[in-house]
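Visitor: my questions concern the predicted model and sequence given below.
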Amino acid sequence: MERVSPDAAETHDPLELGRASFKRRGWSDACRHLLEADANARLEAKDLETLATAAYLAGRDAESEATWSRAHQAHLERGDREAAAGCALWLAFGLFHRGAAAPGAGWIARAGRLLEEAGHDSVVRGYLLVFDAIRRIDAGDLSGAHATFQQAFEIAQRFGDRDLTGLAGHGRGRALIRQGRVADGMTLLDEAMVSVVADEVSPVLAGDIYCSVLEACREVFDWRRAREWTASLTQWCGSQPDLVRYRGECLIYRAEILQLQGDWPEALRDAQQACERLTSAPGQPALGAAFYRVGEIHRLCGEFSRAEQAYRQAAQSGRRPQPGLSLLRLARGESEEASAALRAVLDDTTERRIRARMLPVFVEAELARGEADAARSAATELAEIAAVLDAPVLWAVSAHARGAVQLAQGDARGALAALRDAWVRWRDIGMPYEEAQTRVLMAVAAARLGDTDTCDIETDAARQLFKRLGATRALAGIAELSQPSHAPRGAGGLSPREEQVLRLVATGKTNRAIADELFISEKTVARHVSNIFDKLGVSSRAAATAYAYQRNLI
């Protein structure tokens with residue numbers, strides 16, 4: 001049964017019912033009642049704005065855009081250019097959010113012209129400046145963007161407009177973060193979020209600021225803030241049962257946090273639900289991110305075919321499927337393909353936030369190819385980015401990469417120290433899969449130092465983590481590693497040639513070097529490596545190496 005406010009409880013007037021539904025954030029009911037009122041007698045401009053907003057939040061984009069256009073014309077007919085410009089900007093806002101950039105730019109231009117014709121100071125001018133600031137960020141003019149957001153903020157303060165205050169304030173924070181002033185930027189974002197949580201900002205902008213702040217947290221790898229604000233966004237969406245707008249994005253952010261925390265079944269449910277919601281409304285830019293998250297979880301669970309399909313769907317929806325697809329290639333022993341794909345991304349960008357996501361996988365790919373110098377260079381750059389962003393996750397990633405490089409170069413003792421640093425950081429952050437991966441490498445380093453006790457302890461710890469996570473492929477490899485070292489050779493179903501290749505892999509040789517030593521083609525070696533991974537249930541050369549040491553194959 002529909003709930004209505006006391007003011008509307010005794011009326012059957014659809015206009016009053018629509019207004020009351022909007023006030024209590026019943027977006028679908030507000031649309032239904034206001035559409036009925038509009039059919040009985042054309043709505044006035046302000047009620048058209050209410051209908052357009054409700055339709056937007058209910059996910060009815062075409063209806064929202066058409067209604068904003070009507071409200072715009074209604075204000076023009078009354079000679080109110082300022083209000084007409086405001087409608088034009090809200091219409092542009094919706095168009096940009098569904099990827100219709102050209103029509104959105106056209107409406108922004110019209111809004112600017114109308115404000116010039118109006119010729120007086122207006123809060124709407126502040127909203128126009130926000131669009132200009134966003135354009136400057138996209139063009140790389142970060143100082144100009146910050147200055148423009150500041151102008152918009154000052155207008156908001158002068159007119160006492162809370163929506164514009166939150167929007168411009170959070171924009172200043174995003175600009176500062178892109179300039180490298182992360183702490184100052186995050187302070188402004190926290191302040192903007194306080195106004196959102198306190199319900200001082202309208203629902204449309206509240207959802208937009210929520211998503212933007214979470215994206216900023218991802219940019220600087222601030223998973224602590226991301227967890228906290230994702231929980232807040234989830235509660236906000238849950239308080240509006242028929243909210244469609246932002247719910248898909250909320251599910252994507254929540255899925256990522258759940259994945260990192262190790263709750264993969266729940267993360268997969270959220271990611272798949274996000275795909276369903278975003279697919280039902282064509283043209284949603286976030287759809288690619290939803291498919292990518294599905295691919296990541298399938299990959300971690302060892303469901304490689306499903307992962308590849310999801311990555312391809314992400315690519316078709318406009319989201320570059322990296323570094324996940326390269327991690328999948330590495331798990332299949334296809335290091336050359338992984339390296340080439342990652343190098344293409346790295347050659348195409350100078351943005352730290354993107355490079356920081358690609359570099360750890362690039363280190364792994366280059367080590368798999370035996371290119372230690374390239375891996376060391378990538379690990380060094382990763383450490384430099386960690387020093388700039390000063391994010392706990394990046395320090396952990398950097399320590400892991402440094403340890404992997406040292407291990408490949410024969411410095412097992414130095415590797416163990418770096419990997420222990422990474423392990424402590426992963427544990428403190430609460431990222432169990434990454435912790436388990438690091439502990440596998442620690443087992444390899446300990447084995448090379450002849451420390452069988454530490455090797456066994458780290459192997460068992462990794463096994464327990466993989467078991468809890470449901471990482472079946474990694475768990476199978478750890479199960480093999482945990483068997484007594486005096487077990488007979490040939491266990492795991494390896495052929496004599498595969499054992500020979502495994503021994504050479506464990507010494508750190510590349511596929512190319514193995515091919516030269518065995519007088520076979522590099523493609524044949526790659527096939528043997530892939531078969532070894534499948535038979536042992538491992539997904540990296542490090543895990544295969546640990547197996548070889550445990551089974552006395554070296």
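Guide: Everything's here; your move.

Visitor: tell me which residues are up against the helix or strand Ile385 falls within.
Guide: Assigned by DSSP states H and E, Ile385 belongs to helix 372-389. Contact with helix 372-389 is made by 180, 182, 220-221, 352, 355-356, 359-360, 362-364, 366-367, 394-395, 397-398, 401-402, 404-405, 408-409, as judged by CB atoms under 8 Å, 6 or more residues apart in numbering. Any C-beta I mention is one placed from the backbone N, CA and C, and that applies to glycine too.

Visitor: cool, and stretch 346-357?
Guide: 218-221, 322-323, 345, 358-359, 362, 381-382, 385-386, 388-389, 394, 397.

Visitor: out of the residues you listed, which are buried?
Guide: 219-221, 322-323, 345, 358-359, 362, 381-382, 385-386, 389, 394, 397 (16 or more other CB atoms under 10 Å).

Visitor: now the contacts of helix 372-389: which count as buried?
Guide: 182, 220-221, 352, 355-356, 359-360, 362-364, 366-367, 394-395, 397-398, 401-402, 404-405, 408-409.

Visitor: what about these, which are in strands?
Guide: Among these, no residue falls in strands (DSSP state E).

Visitor: residues of the helix or strand containing Val501 that come out buried?
Guide: Element membership of Val501 [criterion: DSSP H and E] is helix 496-506. Buried residues in helix 496-506, defined by neighbour count with 16+ other CB under 10 Å: 498-502, 504-506.

Visitor: now swap in stretch 137-147 and tell me
Guide: Buried, per 16+ other CB under 10 Å, within stretch 137-147: 137, 142, 144-146.

Visitor: one step back: out of the buried residues of helix 496-506, flag the one nearest to Gln73.
Guide: Nearest to Gln73 out of those is Val505 (CB to CB; 70.3 Å).

Visitor: that closest one and Tyr547 touch, don't they?
Guide: No - using CB atoms under 8 Å as the test, Val505 is too far from Tyr547 to be in contact (9.9 Å).

Visitor: got the angle between the helix or strand in which Ser195 is found and helix 372-389?
Guide: In the assignment (DSSP H and E), Ser195 maps to helix 182-197. For helix 182-197 against helix 372-389, the angle by axes from the mean of the first three to the mean of the last three CA atoms, to 10 degrees is 60 degrees.

Visitor: centre of the chain to helix 182-197, how far?
Guide: 19 Å (CA atoms, centre = their mean, to the nearest Å).

Visitor: against which helices or strands is that helix packed?
Guide: Secondary-structure packing of helix 182-197 (3 or more CB pairs under 8 Å, 6 or more residues apart in numbering; DSSP states H and E): helix 162-178, helix 203-219, helix 223-238.

Visitor: next SSE downstream of the shortest one?
Guide: Going back to what we said before, that points to helix 223-238. helix 247-261.

Visitor: hmm, who's touching that next one?
Guide: So helix 247-261 is contacted by 210-211, 214, 218, 223, 226-227, 230, 233-234, 237, 264, 266-268, 270-271, 273-274, 277-278, 284, 286-287, 289-290, 293, 296-297, 300, 430-432 (CB under 8 Å, 6+ apart).

Visitor: buried ones in it?
Guide: 247-261.

Visitor: any idea of the mean pLDDT in it?
Guide: Helix 247-261 shows a mean pLDDT of 92.

Visitor: rewinding a little: next SSE after the helix holding Val501?
Guide: Following helix 496-506 toward the C-terminus (DSSP H and E): helix 511-518.

Visitor: which elements pack onto that next one?
Guide: Looks like helix 511-518 contacts helix 496-506, helix 522-536 (3+ CB pairs under 8 Å, 6+ apart).

Visitor: for those, which one sits closest to Arg125?
Guide: Among those, helix 522-536 sits nearest to Arg125 (CB to CB), with 60.7 Å.

Visitor: quick check: angle from the closest one to helix 511-518?
Guide: Using the same axes, to 10 degrees: helix 522-536 against helix 511-518 is 100 degrees.

Visitor: can I get the helix or strand following helix 522-536 in CSV, CA atoms only?
Guide: Beyond helix 522-536 in the direction of the C-terminus, DSSP H and E gives the next helix or strand as helix 541-550. Provided in CSV are the C-alpha atoms of helix 541-550 (Å, rounded to 0.1, in the frame of the first residue of the first chain):
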residue,chain,number,x,y,z
ARG,A,541,55.5,-19.6,-12.1
ALA,A,542,56.2,-18.8,-8.4
ALA,A,543,53.7,-21.4,-7.3
ALA,A,544,55.1,-23.9,-9.8
THR,A,545,58.6,-23.2,-8.4
ALA,A,546,57.4,-23.7,-4.9
TYR,A,547,56.0,-27.1,-6.0
ALA,A,548,59.3,-28.0,-7.5
TYR,A,549,61.2,-27.2,-4.3
GLN,A,550,58.7,-29.0,-2.1
